[in-house]
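Trainee: what would the 3D arrangement of this be:
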Amino acid sequence: MRGRVIAGVLTPILVLAGAAGYLAADAADLVPGWITTSPEPVAPAPFLTAEPVEASAAPGTELAPLFDPGAPLPDAARIQALAQALRDDPRTGPSTNVSVIDLITGQTLADLDADDGQVPASTTKLLTTIGVVAKLGPDHRLSTVARYDAARGEVALVAGGDMLLAADKGVPKTPDPGDTRTAAERAVGYAGLGDLADQVAAGLIQRGVTSVTVVADTSAFPGPAYPIEWPAYALQQGYAAPVTGLAIDVGKKNLDEEYPQRWADPAANAADEFAARLAERGITATRGKARVGATGDDVGRVESAPLSDVVAYMLHHSDNTVAEDLSRVLAIETGVPATPQHSMAAITASLVALGVDTSGLQLYDGAGFSTRNRIPPRVLTQAIRAAVQAGPTHDLLGWLAEAGLTGTLQNRFTSSPGTGVVRAKTGSLTGVTALAGVVITADGRPLAFAALIDGMPYGPERPQAAIDEFADGLAQCGCQP
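Mentor: You can find the predicted model right below:
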């Protein structure tokens, strides 16, 4: 097992420990690496549309030749001391719980009440990602279907979980040479309602149909669309949208704002846009009421980017709506209702199937908004290790934000030992600060860590800085006896 972990997943982040010069060479494609300014060639994959689609590679690149398999294991007493120093820091407090394990062997290196469940905030998204991808696979795609009912004269836009749809044409499946976006960034708008309208209009015209009513069918996502565990301010301030399984740009009204207002009914907005796309193609389309259990013939289908790219987008942007949506997709795919209760049970069952001890785990939403969520730090580190050993989630580290470089860690670790050698998921709620992921020590040893702090009386800046310094300590630690 050790060789598999080393060669397949752990090595992508090690190259960054060398120097900024390697980063620049990597971006210019002069040396191996996951950073690039040029699109990767991708192989074609089957796709149920009029045009072929090409599957993009998951983030991450194998860099086994650059990894030293004999990197020494840090002394557990010294790692435990670093964890204790984090708890003793005046910026944190006694509610600071920590787990650090060796990613190769699973040996515990630090345990500060690591079995105690704490409010995890958005580190919950790590478990959602692992649970969903472990069960569905990294190549799974989310389908949006158009279904024509001749008796009703109706085309139903059937929700399949893709809330990243484009209002018109989707992302070109063969990237333009000037398109420097990552695969995760291209997941937004990968499938387009304009492409779906092309298929549907052609099929209707072939049948001699020139006028239809357009409806949305989100009955596979019974909800509640806006989880009762989520605070009202999240919707009001643009942190989340109702989870309808069907949306354009995650229900955002304005893409130029970081946290824009969301449509009250993202699925209805998608149906409005779809009707407009049909009208542009010569089909008179009026809007009808929502449909439950649409029947008829499937006359069009578009599919999302691979699930690996969707979760990479979700983790990098800490997207609450996509996280919750994917947990409900997992429920549907496992044959249970797409309700929060069933979705969280499906996540937990998937983790158990990976061999994770979920004792003490309590999940009420997949995004981490619920203050009733409880995740022991040990569950996070065990889940990370189990994920990188399993085939479907083998590339987990490639989906996580890189310290000082990307996602929610872009403005953290910008000039510190952790820069580029920490990959992690952040977490922040009122009184809660957390970080969980993987760090490479100065000796080249990969460690999984989770630090969760709750019950804090002030903002996140001070405990966040303390956690970052703890991760920096792990990064620069040879920590031999």
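Trainee: give me the secondary structure label for the residue most central in space within the chain.
Mentor: For the chain, the residue nearest the mean C-alpha position is residue 311 (2.8 Å; Cα atoms, centre = their mean). At residue 311 the chain is in helix, as set by DSSP: H, G, I helix; E, B strand; the rest coil.
Trainee: distance of it from residue 411?
Mentor: From residue 311 across to residue 411, the span is 22 Å (Cβ to Cβ, to the nearest Å). From N, CA and C alone the C-beta is placed, and that goes for glycine too.
Trainee: could you say which helix or strand contains the residue lying closest to the residue nearest to the centre of the chain once chain neighbours are set aside?
Mentor: Spatially, and ignoring its direct neighbours in sequence, residue 311 is nearest to residue 129 (4.6 Å; Cβ to Cβ, 6 or more residues apart in numbering). Per DSSP states H and E: residue 129 is located in helix 124-136.
Trainee: tell me how far the ends of stretch 288-298 are from each other?
Mentor: 18 Å (Cα to Cα, to the nearest Å).
Trainee: show me the helices in the stretch 351-481 of the chain, by range?
Mentor: 377-389, 396-399, 461-475 (DSSP state H, counting those that start in this stretch).
Trainee: for residue 242, which of these is the nearest?
Mentor: Closest to residue 242 of those is helix 396-399 (Cβ to Cβ; 25.3 Å).
Trainee: and residue 163, which of the three is it?
Mentor: strand.
Trainee: can you pull the contacts of it?
Mentor: Residue 163 makes contacts with 241, 243, 244, 245, 246, 247, 250, 251, 266, 321, 322, 325, as judged by Cβ atoms under 8 Å, 6 or more residues apart in numbering.
Trainee: from those, pick the one nearest residue 467.
Mentor: residue 322 (24.7 Å).
Trainee: these two touch, right, that closest one and residue 184?
Mentor: No. The criterion here is Cβ atoms under 8 Å, and residue 322 misses it with residue 184 at 11.3 Å.
Trainee: shared neighbours of those two, which are they?
Mentor: Shared contacts of residue 322 and residue 184, defined by Cβ under 8 Å, 6+ apart, comprise residue 313.
Trainee: compare those two (neighbour count), which wins?
Mentor: Counted by other Cβ atoms under 10 Å, residue 322 and residue 184 do not tie: residue 322 has more neighbours, with 30 against 25.
Trainee: other residues contacting stretch 413-425?
Mentor: With Cβ under 8 Å, 6+ apart as the criterion, stretch 413-425 contacts 13-14, 16-17, 23, 122-123, 125-126, 315, 318, 397, 400-405, 408-409, 435-440, 442, 449, 468, 471-476.
Trainee: what is the neighbour count of residue 430?
Mentor: Neighbours around residue 430, by other Cβ under 10 Å: 13.
Trainee: phi, psi for it please.
Mentor: Per-residue torsions, residue 430: phi -60, psi 120 (degrees, to the nearest 10).
Trainee: and it, how close does it get to residue 321?
Mentor: 20 Å.
Trainee: contacts only, for residue 436.
Mentor: Residue 436 neighbours (Cβ under 8 Å, 6+ apart): 123, 126, 377, 380-381, 384, 424-425, 427, 449-452.
Trainee: send me the helix or strand harbouring residue 328 as PDB with only the CA atoms.
Mentor: Residue 328 is part of helix 320-333, with elements assigned from DSSP H and E. What follows is helix 320-333, C-alpha atoms only, in PDB (Å, rounded to 0.1, in the frame of the first residue of the first chain):
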ATOM      1  CA  ASN A 320     -22.000  25.700   0.000                       C
ATOM      2  CA  THR A 321     -24.700  25.200  -2.500                       C
ATOM      3  CA  VAL A 322     -22.700  22.800  -4.700                       C
ATOM      4  CA  ALA A 323     -21.600  20.800  -1.600                       C
ATOM      5  CA  GLU A 324     -25.100  20.300  -0.400                       C
ATOM      6  CA  ASP A 325     -26.300  19.600  -3.900                       C
ATOM      7  CA  LEU A 326     -23.700  16.800  -4.300                       C
ATOM      8  CA  SER A 327     -24.700  15.200  -1.100                       C
ATOM      9  CA  ARG A 328     -28.300  15.000  -2.400                       C
ATOM     10  CA  VAL A 329     -27.100  13.600  -5.700                       C
ATOM     11  CA  LEU A 330     -25.300  10.800  -3.700                       C
ATOM     12  CA  ALA A 331     -28.600  10.100  -1.900                       C
ATOM     13  CA  ILE A 332     -30.400   9.800  -5.300                       C
ATOM     14  CA  GLU A 333     -27.700   7.500  -6.700                       C
END
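Trainee: tell me what that helix is packed against?
Mentor: helix 124-136, strand 162-165, helix 307-317, helix 340-353 (3 or more Cβ pairs under 8 Å, 6 or more residues apart in numbering; DSSP states H and E).
Trainee: what is the last one packed up against?
Mentor: Where contact means 3+ Cβ pairs under 8 Å, 6+ apart, helix 340-353 is packed against helix 124-136, helix 320-333, helix 377-389.
Trainee: next, the contact list for the closest residue to residue 226 other than its chain neighbours, please.
Mentor: Spatial nearest neighbour of residue 226, chain neighbours left out: residue 242 (4.7 Å); criterion: Cβ to Cβ, 6+ apart. With contact taken as Cβ under 8 Å, 6+ apart, residue 242 is in contact with 223, 225, 226, 235, 251, 262, 263, 264, 265, 266.
Trainee: 7 Å - rerun?
Mentor: Contacts for residue 242 (Cβ atoms under 7 Å, 6 or more residues apart in numbering) come out as 225, 226, 251, 265, 266.
Trainee: residue 481 too?
Mentor: If a contact means Cβ under 7 Å, 6+ apart, then residue 481 has residue 75 as its contacts.
Trainee: give me phi/psi at the residue nearest to residue 234 when sequence neighbours are not counted?
Mentor: Closest residue in space to residue 234, ignoring its immediate chain neighbours: residue 240 at 4.5 Å, by Cβ to Cβ, 6+ apart. Taking degrees, to the nearest 10, you get phi -160, psi 160 for the backbone angles of residue 240.
Trainee: before we move on, the earlier item: which residues touch the helix holding residue 129?
Mentor: Taking Cβ under 7 Å, 6+ apart as the rule, helix 124-136 contacts 307-308, 311, 314-315, 318, 323, 326-327, 330, 333-334, 347, 350-351, 354, 363, 366-368, 373, 375, 380, 383, 387, 390, 392-393, 396, 399, 425, 436.
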